[in-house]
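Q: quick one: sequence and predicted model below, then my questions.
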Number of protein chains: 4
Amino acid sequence: MTQAADVKRIEKISYGDFVLFYGRGKTWLVRLTEGRDLHTHLGRIRVDSVVGKPYGTSFQSEKGEYICALKPTVEDFIMKCERLTQIVYPKDLGIIALEADICTGSDVVEVGSGSGATTIFLANIVRPRGHVYSYEVKDEFMRVAERNVKRAGLDKYVTFHNKDALQGIEEEGIDAIIVDMGDPWSMVKESWRVLKPSGHFVGITPTMNQAERLAEELRNNGFERVKCIEILLRNIEARPGKTRPSTIMVGHTAYLNFATKVLREVSQS
Amino acid sequence: MTQAADVKRIEKISYGDFVLFYGRGKTWLVRLTEGRDLHTHLGRIRVDSVVGKPYGTSFQSEKGEYICALKPTVEDFIMKCERLTQIVYPKDLGIIALEADICTGSDVVEVGSGSGATTIFLANIVRPRGHVYSYEVKDEFMRVAERNVKRAGLDKYVTFHNKDALQGIEEEGIDAIIVDMGDPWSMVKESWRVLKPSGHFVGITPTMNQAERLAEELRNNGFERVKCIEILLRNIEARPGKTRPSTIMVGHTAYLNFATKVLREVSQS
Amino acid sequence: MTQAADVKRIEKISYGDFVLFYGRGKTWLVRLTEGRDLHTHLGRIRVDSVVGKPYGTSFQSEKGEYICALKPTVEDFIMKCERLTQIVYPKDLGIIALEADICTGSDVVEVGSGSGATTIFLANIVRPRGHVYSYEVKDEFMRVAERNVKRAGLDKYVTFHNKDALQGIEEEGIDAIIVDMGDPWSMVKESWRVLKPSGHFVGITPTMNQAERLAEELRNNGFERVKCIEILLRNIEARPGKTRPSTIMVGHTAYLNFATKVLREVSQS
Amino acid sequence: MTQAADVKRIEKISYGDFVLFYGRGKTWLVRLTEGRDLHTHLGRIRVDSVVGKPYGTSFQSEKGEYICALKPTVEDFIMKCERLTQIVYPKDLGIIALEADICTGSDVVEVGSGSGATTIFLANIVRPRGHVYSYEVKDEFMRVAERNVKRAGLDKYVTFHNKDALQGIEEEGIDAIIVDMGDPWSMVKESWRVLKPSGHFVGITPTMNQAERLAEELRNNGFERVKCIEILLRNIEARPGKTRPSTIMVGHTAYLNFATKVLREVSQS
């Protein structure tokens, strides 16, 4: 296993970079600072031992444990967010992007920044030409969301509005809107107004009652292709001769509502 | 519900554009050609009646049925692919992008173009600066995949190789590789070679035997964070006073294997 | 594989007995009548060829197909019911018996005989000393339920009441009550009245709205240990080297509500 | 809510009886002994305060907490077993009884008594005329299983064999056999020998590999209707206006294999 082939485009780790240290199934997301080593139950990890090496390097901790210095993924930034709120899980985020057709260049409104986990996900997709406009009424949440988005290096793709989206969304001609709040039905009319025709609404709701009320409100206010799903993720322990699903799983996170804005000026074909 | 606000950036439908017609829960993905109307069980849809209108317009078919002319999403192009093979489902694609950290600018290798459904998904994410290199040994499949990718307007982001990837992948320094073939373990060493360190491997396998063997091969050949999951999607019929999951669901599509390339030159911390 | 050991207690098939013919994954539940052969896509099955043989015999159809003559299980009688209504599925029935502690000797009330599938299940458990009292307001349903229960040979353990249970259940001191109707909450007070203290209530409801309202009504009317579950059954295709769950599954049948009657004369410990 | 109607057949609690105390969602399974009060985090529960009362009585603990004195179900005895091993869960037991057609009067062999949880379940079903023959090679497990079965009051319906079932099952003409061991395929031939024709085999296996090998062994050794399933149970928190599945669930316990013994003397129809 020579690494001769890997010379091309390999990113070298520098001070200031984020590294995901990985050992024995545990991970630590760290921004490298000169002289600030990482102390873990697997032993001290000397920060200067990875600087100048490529991401993907492995080495031993001071206790002789095998450690990898990986490049953090966007999912790592999401899962390692500083959290004040429940975050939307990757299993749900993945399908949201597809169903709402969010891609590079999209302009997206998020109602309820929460801890910024979804914001990070969205910003990473829409960059470099698209933009995320994120509304959060609570000061405290917004500050945390901003910090998390900044840490992920995505702040230039996000505009935060510290205001109640119910009092009006400032953008128009939006490609998709993601509503993650307790009473998402109250945002349906305003969402319709600011979306492009054929644009996509996404609602994220923990209870069936919210999903039900939201779906009905969408159907009654100019949305079509209204649907509701839930996603279950099961970990499989794939080991020779003893493959099986994990004993414990996350049984529920949220119902996801999707709908598409339609103009109601019904003409004859 | 006036549409005054929607003047900004609204795309008008022209001949040559794809439109997703939607009525009574059914959809038709059509490229508009002058004089070629769409004949459906909901009545004839006159193509010239939507030209010049924005996406998201609604109108009546000749039978008086309510029809919407929507902008097709990438998911629509995926689901409406001409198919010679089983395709990877959106529920699985969404999490693949996240776990393999595929985003705008990524260079991705796909082994097994199949019908091109995954290729479309990947190309849409990595554009405009990333690229997908898709290997398919069967002529017939590759031609269908090419047609599907072209129809989705994403052909400039994809290079097809009509060859057996086992005989060597031509690219190097790749961000992620997606392997969808019967014996994915046979691609593990070659995948390691062509991935950047800290790059991501994805295996898509219908059986647990394949998932098991692949996971072990990954662990034995320089990959870490090896994991295997399955995703279940459940449709919820959200209707006032009678919300319930749908009776029939897709119970299984594939196991998804993920792993990260690590360089094995273990040094001391 | 000699069958010498099997002489003990082997049941021989006679005319009038039910046989479950099984071939190529298909089953036929038939009562043997002299001269009435079974015509299937696997060829004619001559009824007289199994008479006098033990259950569990195999033979060839006239087309040379391999056929087994099995003893029908209670589940076979349930699944082969003549149906006017949706039946409760075995996956749900099994847990109902456990949660409601229904066993040999139990006296059980069923509200909503439906097609008699649940009735068959219950009667088979409580026999020979317990009894099932089954209420059905619709004539038509009750006649079908009676026929199905009789066919399963369990009619002496069941008393049908062709009346609306809301107008009063005639029995008292009941061990468990199974309510399968559209508005099960309306039966909560009457259920409490006729159950023994510490007796068990079971509600079977397709929608979450019903489950929610029922659970609340139970909590407000002298029931404890109120819980609600759903059961998912997944078929696994277990074949050498290609084991996987089946593609299609039943995604939803019903929510199951359970509760225990408690006397509310709260004294000091 | 008068209790006048409940006088019939109400069981009064005596010393020596088992009571399931229930308070704030917690349960304690206790055999009442004079002078031995129960000390819980909800306060002391005075044992003499429930003696002479019916099951289903409620009262206050010394801390003023609301407590119910319920009649323990068979499921309670199963879940409260003294455990040396993983037990089979109620969700799986319920379907096992149905698929293997185990009912009052059945003679059942269990291979692998484990902690006796399944034994309790089986004994309670087959009583009073059927019997369970339970094989356990490990002394320690068998003693625990015996204690658990005795505690549930079901010991007269169970014969324990402290021996390796691979060396021969002593019974014949058995209705069903439940095999819960690491290499269940090794019991297939012996199971076929001791089952009645048309009798039922059940295998309980945590891994897909075991399920796969067992299924194949069954198909190759005179069994038909070979199938494999898994059961998922999801708790639903049914509360007014906020109904949702629980966040955490048990994602996997075991695969269940079922098969029916068939005699292979293939004759012509």
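A: On my side now, so go ahead. Numbering: from 1, shown residues only, chains lettered A, B, ... in the order given.
Q: how about the nearest residue to the residue in the stretch 101-250 of chain A positioned nearest to chain B, chain neighbours excluded?
A: Using CB to the nearest CB, the single residue of the stretch 101-250 of chain A nearest to chain B is A:Pro197, 2.5 Å away. (C-beta placed from N, C-alpha, C; glycine too.) Using CB to CB, 6 or more residues apart in numbering or on different chains and skipping residues adjacent in sequence, the residue nearest A:Pro197 is B:Gly56, 2.5 Å away.
Q: cool, and A:Trp185?
A: That would be A:Glu217: by CB to CB, 6+ apart, it lies 3.9 Å from A:Trp185.
Q: separation between the one you found and chain C?
A: As judged by CB to the nearest CB, to the nearest Å, A:Glu217 and chain C stand 17 Å apart.
Q: state the pLDDT value of that residue.
A: Note on A:Glu217: pLDDT of 98.
Q: what kind of secondary structure is it in?
A: With DSSP: H, G, I helix; E, B strand; the rest coil as the basis, A:Glu217 sits in helix.
Q: give the burial count for it, as a bare number.
A: Neighbour count for A:Glu217, taken as other CB atoms under 10 Å in any protein chain shown: 21.
Q: over to the one 3 residues further on?
A: Other residues lying near A:Asn220 total 12 when counted by other CB under 10 Å.
Q: B:Tyr55 versus that one, what's the distance?
A: With distances taken as CB to CB, to the nearest Å, A:Asn220 is found 22 Å from B:Tyr55.
Q: likewise A:Glu237?
A: Distance from A:Glu237 to B:Tyr55, by CB to CB: 46 Å.
Q: more neighbours: the two, which one.
A: The neighbour comparison of A:Glu237 against B:Tyr55 (other CB under 10 Å) goes to B:Tyr55, with 26 against 16.
Q: my guess is A:Glu140 contacts A:Leu84. True?
A: Yes: under the criterion of CB atoms under 8 Å, A:Glu140 makes contact with A:Leu84 at 6.5 Å.
Q: okay, those two: which has more neighbours?
A: A count of neighbours by other CB under 10 Å puts A:Leu84 above the other of A:Glu140 and A:Leu84, at 16 against 9.
Q: tell me the contacts of that one?
A: Taking CB atoms under 8 Å, 6 or more residues apart in numbering or on different chains, we find A:Leu84 in contact with A:Gly114, A:Ser115, A:Glu140, A:Phe141, A:Val144.
Q: chain C: which of these is nearest?
A: Distance to chain C across the contacts of A:Leu84 (CB to the nearest CB) is lowest for A:Gly114, with 25.2 Å.
Q: and the closest one, that one's in a helix?
A: No: under three-state DSSP, A:Gly114 sits outside any helix and is assigned coil.
Q: can you tell me the SS state at the closest residue to it other than its chain neighbours?
A: Among residues not flanking A:Gly114 along the chain, A:Thr85 sits closest, at 4.3 Å (CB to CB, 6+ apart). Of the three states, A:Thr85 takes coil under three-state DSSP.
Q: could you check how far A:Thr85 is from D:Thr40?
A: 35 Å.
Q: and the helix or strand where A:Glu212 lies, how far out from the chain middle?
A: Using DSSP states H and E, A:Glu212 maps to helix A:208-219. In terms of CA atoms, centre = their mean, to the nearest Å, the centre of helix A:208-219 is found 24 Å from the chain centre.
Q: report the angle between that helix and helix C:208-219.
A: Interaxial angle, helix A:208-219 versus helix C:208-219 (axes from the mean of the first three to the mean of the last three CA atoms, to 10 degrees): 140 degrees.
Q: name the helix or strand of chain A that has the lowest mean pLDDT.
A: In chain A, the helix or strand scored least confidently by mean pLDDT, DSSP states H and E is strand A:263-268, which has a mean of 71.
Q: which residues of the stretch 101-250 of chain A fall in helices?
A: Secondary structure of the stretch 101-250 of chain A (DSSP state H, counting those that start in this stretch): helices at A:117-126, A:139-151, A:188-194, A:208-219.
Q: ok, now which ones touch A:Ser113?
A: If you count contacts by CB under 8 Å, 6+ apart, then A:Ser113 has A:Thr119, A:Ser134, A:Tyr135, A:Glu136, A:Phe141, A:Met142, A:Ala145, A:Phe160 around it.
Q: as CSV, those residues with pLDDT, neighbour count and distance to chain C would be great.
A: Putting those into CSV (pLDDT from 0 to 100; neighbours: other CB atoms under 10 Å in any protein chain shown; distance: CB to the nearest CB, whole Å) gives the following:
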residue, pLDDT, neighbour count, distance to chain C
A:Thr119, 98, 31, 31
A:Ser134, 98, 27, 31
A:Tyr135, 98, 27, 30
A:Glu136, 97, 28, 30
A:Phe141, 96, 18, 30
A:Met142, 96, 20, 34
A:Ala145, 97, 29, 32
A:Phe160, 98, 20, 36
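Q: so which of those also contact chain D?
A: When those are checked against chain D using CB under 8 Å from any CB of the partner chain, none falls in range.
Q: how near is the spatially most central residue of chain A to B:Leu98?
A: Nearest residue to the geometric centre of chain A (CA atoms, centre = their mean): A:Phe121, 3.1 Å. From A:Phe121 across to B:Leu98, the span is 8 Å (CB to CB).
Q: shared neighbours, the two?
A: Going by CB under 8 Å, 6+ apart, residues that sit against A:Phe121 and also against B:Leu98 are A:Val74, A:Leu93.
Q: how about the residue nearest to the centre of chain A, what does it touch?
A: A:Val74, A:Ile78, A:Val88, A:Leu93, A:Ala97, B:Leu98.
Q: please apply the same query to A:Ile236.
A: Contact partners of A:Ile236, counting by CB under 8 Å, 6+ apart, are A:Thr243, A:Arg244, A:Pro245, A:Ser246, B:Met208, B:Ala211, B:Cys228, B:Ile229, B:Glu230, B:Tyr255.
Q: may I have the beta-bridge partners of the residue nearest to A:Ser61 when sequence neighbours are not counted?
A: Nearest residue to A:Ser61 in three dimensions, chain neighbours excluded: A:Gly43, at 3.6 Å (CB to CB, 6+ apart). Beta-bridge partners for A:Gly43, by DSSP bridges, are A:Thr40.
Q: give me the pLDDT value at A:Gly43.
A: Looking at A:Gly43, the pLDDT reads 90.
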